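Student: Provided below for reference: sequence and predicted model.
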Amino acid sequence: MSSRFINPAISAVPPSAIRRFFDIAGTMKDAISLGVGEPDFITPFPVRNSAIDSLLDGETQYTANSGLMPLRQEIALYQKNRFSLEYDPEDEVLVTVGASEAIDIALRALVRPGDEVLIPEPCYISYQACTRFAGGLPVNVPTRAENDFELLALDLEARVTDKSRVLILSYPSNPTGAVMPKERLKAVAEVAMRHDLFVICDEIYSELCYDGFFQHSIASLPGMRERTMVVSGFSKAFAMTGFRLGYLCAPREIVMACSRIHQYTIMCASRQSQVAAYNALKQGRENGYSDVIRMRDSYDRRRRLMHKAFLDMGLDCFEPRGAFYTFPSIKNTGLTSDEFCERLLKEHHVVCVPGNAFGPSGEGHIRCCYATATDKLLEAFEKISDFIKGL
Amino acid sequence: MNNKQKAVLDLLKEDCRTPLEQMAVMLNMDIEEVAETIDNLERDRIILRYRPVINYDKAEPNMVEAMIEVKVTPQRDFGFDAIAKRITSFEEVRSLYLMSGTYDLLIQVSAPNLKELAQFVSNRLSPLETVTGTSTSFVLKRYKQDGIIFDLPDGDRRLSVTP
């Protein structure tokens, strides 16, 4: 009865499609989940301990809106050392509540009513919704398995109109595990410059690349810094999802605009999370990111195992080189993504996420996360294989 | 050790029954290469033996285990090695370490029951010539052994589906 009070613009955005699977899985005690989107490591002890120390020392006050200065300095150093990007910690870095907040405020700061936001998909589920919340119009740009889910400049260009304003780029990709080689990134950058697009580059998985691949940031390409915002955070590579800490780096004017929304809505991210993030970066810088590398090596081994398991089951599965997901095609089973995942869950108690939850190009695929204990993965492979044989 | 040996050892430490084929996939190596790496680890005595981590509270609930701190007089020419060698020969001794600090040797012993353990201390260990004192502490409960946590409440705290 109270629904008449709700803003129709919000009602028009459907709830996340993965919610339904969460509800079913919640009723099963023995379900093995490949449906998670977070590391299976807990945050390294020294980082956790630094947050505890901060609490014990009575650091319970607000911080500066933009975040603690030592943290912003470490973020600037990290971006410089790892990705050759230079940002002034004074006013070109903003600490946010997860990369999610950064994406939200970036879109609100950039998008005018009716502006089109180009979103290569399948992609992380928030981009479409946040675009609509900001009054913009999401425009899907398909990426395809035959191109290893890389974004082709011609596919992007085909969807550019005079209303196009922002491109959201996210590689390594959730859900596909795709990465973006430098040559293709250059071609995309040229399209962005030709049509005066601003690029929000979600680099939350950029530390998690395999086979020696290095994910260049589009912001590092000539002419791109002024039109790019780098969004990143601590959830994935540093295994700090629950801390909810991210950041954005961009030219001064853009950061100031985002900061205005941030200061009136969030005020500042949790101080203890900021202290923990500062220590994660500082310790990483001092010990060669040994924790990040240890976790990445462990994902890499399980990545190979999962990729081969799907090939052995007779599923088409391109080899992902980033993040911690595989995105096999289940088209040859004759089932839709939804049917496949729902039956697999109900009949064999394995949770996967249907690919179409991440955009129409994800139909016919399922997202499987390999950040799970090896014995659980092996058990899940056996069950998925039994399920497919029984179809 | 080289990187390949370290990687193979990493997987074996996790589960020494991991099939060669699975290790080869995970480490991007040939099966033969994995087998050879393991052979070398064994030949170099980096891997000494493969044994299960046993929850003795279930396997042998009556077994008694203790840590014994031992003070000894080091012997001329041999230091602690001669007495350590004697002690290792007792079948009750599971582990033996030379320690820094207020005592010299730490012995981990196990016996089928309290009486046999007491006999070990009084009849076999204490009479040794160079042993000048012992202090025995019994194990009451095992929480973690060889990196394995016993009775983990709920391993995975993550939600089953997240974006």
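Tutor: Cool, got the structure. Residues are numbered from 1 along each chain as shown, chains lettered A, B, ... in the order given.
Student: what does the domain assignment say about the chain?
Tutor: You didn't say which chain, so I picked chain A. By the assignment in automatic domain parsing, chain A contains the domains A:2-43+A:291-389, A:45-287.
Student: Chain B was what I was after
Tutor: B:3-43, B:62-141.
Student: which one of the ones you listed lies closest to residue A:146?
Tutor: With C-beta to C-beta, the closest approach to residue A:146 among the domains of chain B belongs to domain B:3-43: 24.5 Å. No exception for glycine: its C-beta is placed from N, CA and C like everyone else's.
Student: do the closest one and chain A meet?
Tutor: Yes: using C-beta under 8 Å from any C-beta of the partner chain, domain B:3-43 reaches chain A at B:7, B:11, B:14-15, B:18, B:22, B:25-28.
Student: now the domains of chain A as TSV including mean neighbour count, mean pLDDT and distance to residue B:69?
Tutor: Formatted as TSV, those follow (neighbours: other C-beta atoms under 10 Å in any protein chain shown; pLDDT from 0 to 100; distance: least, C-beta to C-beta, whole Å):
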stretch	mean neighbour count	mean pLDDT	distance to residue B:69
domain A:2-43+A:291-389	18	94	34
domain A:45-287	20	98	29
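Student: out of these, nearest to residue B:103?
Tutor: Between residue B:103 and these, the shortest gap by C-beta to C-beta is with domain A:45-287, which sits at 29.6 Å.
Student: That closest one close to chain B?
Tutor: Yes: counting by C-beta under 8 Å from any C-beta, chain B is contacted by domain A:45-287 at A:124-126, A:174.
Student: Determine which two of the residues you listed are furthest apart.
Tutor: Maximum pairwise distance among those (C-beta to C-beta): 10.3 Å, between A:126 and A:174.
Student: who touches both of those two?
Tutor: residue B:163 (C-beta atoms under 8 Å, 6 or more residues apart in numbering or on different chains).
Student: Dump the domains of chain A to TSV, plus distance to residue B:93.
Tutor: Converted to TSV, the domains of chain A look like this (distance: least, C-beta to C-beta, whole Å):
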stretch	distance to residue B:93
domain A:2-43+A:291-389	33
domain A:45-287	33
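Student: between those, which one is nearest to residue B:73?
Tutor: domain A:45-287 (40.8 Å).
Student: so how far is the closest one off the chain centroid?
Tutor: Relative to its chain's centre, domain A:45-287 lies at 9 Å (C-alpha atoms, centre = their mean, to the nearest Å).
Student: and residue A:168, what element?
Tutor: For residue A:168, the host element (DSSP states H and E) is strand A:164-169.
Student: cool, residue A:109 as well?
Tutor: Using DSSP H and E, residue A:109 maps to helix A:98-110.
Student: And the contacts of that helix?
Tutor: So helix A:98-110 is in contact with A:94, A:96, A:117, A:126-127, A:130-131, A:133-134, A:136, A:165-166, A:168, A:198, A:200, A:202, A:204, A:229, A:231-233, A:235, A:244-248, A:250, A:254, A:257-258, A:260-262, A:265-266, going by C-beta under 8 Å, 6+ apart.
Student: now, which of those lie within strands?
Tutor: Among the contacts of helix A:98-110, the ones falling in strands (DSSP state E) are A:94, A:96, A:117, A:165-166, A:168, A:198, A:200, A:202, A:229, A:231-233, A:246-248.
Student: so which pair among the residues you listed is furthest apart in space?
Tutor: Spatially, the most separated pair among the ones in strands among the contacts of helix A:98-110 is A:165 and A:233, at 24.0 Å (C-beta to C-beta).
Student: Parallel or antiparallel, list what pairs with the lowest-mean-pLDDT helix or strand in chain B.
Tutor: Using mean pLDDT, DSSP states H and E, strand B:148-149 stands out as the lowest-scoring helix or strand of chain B, at a mean of 84. Using DSSP bridges, strand B:148-149 pairs in its sheet with strand B:144-145 (antiparallel).
Student: chain center to the strand it pairs with, what's the gap?
Tutor: Taking C-alpha atoms, centre = their mean, one finds the center of strand B:144-145 at 10 Å from the center of the full chain.
Student: what comes into contact with that strand?
Tutor: In contact with strand B:144-145 (C-beta under 8 Å, 6+ apart) are residues B:53, B:150.
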